[in-house]
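Asker: sequence first, then the predicted structure, then my questions.
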Amino acid sequence: MDEATQLNVGDDVVAVAGARGTIVDVNEMSNGDTVYGVVDVNGTVRYYTETGIKHFQQ
């Protein structure tokens, strides 16, 4: 992902599977990959790598 589309806490995103939500957590895994915790409308938090989500465009 290039710098212009960097993901941050508070960003609205959509997952590849179609789920929409807001980033609430960003962590680095032991292998160096960054994962993003996304909370959906039901309050469920799921974690995705940057290839699994993108900014939500209305």
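Answerer: Happy to help now that I have it. Numbers count the residues shown, from 1 in each chain.

Asker: so how far is the lengthiest strand in the chain from its chain's centroid?
Answerer: The strand that spans the most residues within the chain, counting by DSSP state E, is strand 20-28. Its chain's average C-alpha position is 5 Å from that of strand 20-28, according to Cα atoms, centre = their mean, to the nearest Å.

Asker: how about stretch 33-45?
Answerer: With Cα atoms, centre = their mean as the basis, stretch 33-45 stands 6 Å off its chain's centre.

Asker: what's the first-to-last distance across it?
Answerer: Terminal residues of stretch 33-45 are spaced 18 Å apart (Cα to Cα, to the nearest Å).

Asker: can you map out the strands along the chain?
Answerer: 12-15, 20-28, 34-39, 45-49, 53-55.

Asker: now do the same contact list for the residue nearest the centre of the chain.
Answerer: Centroid-nearest residue in the chain, with Cα atoms, centre = their mean: Y36, separated by 4.3 Å. Residues counted as contacts of Y36 (Cβ atoms under 8 Å, 6 or more residues apart in numbering) are L7, V13, I23, D25, V26, Y47, Y48, T49, E50, I53. Every residue, glycine included, has its C-beta placed from N, CA and C.
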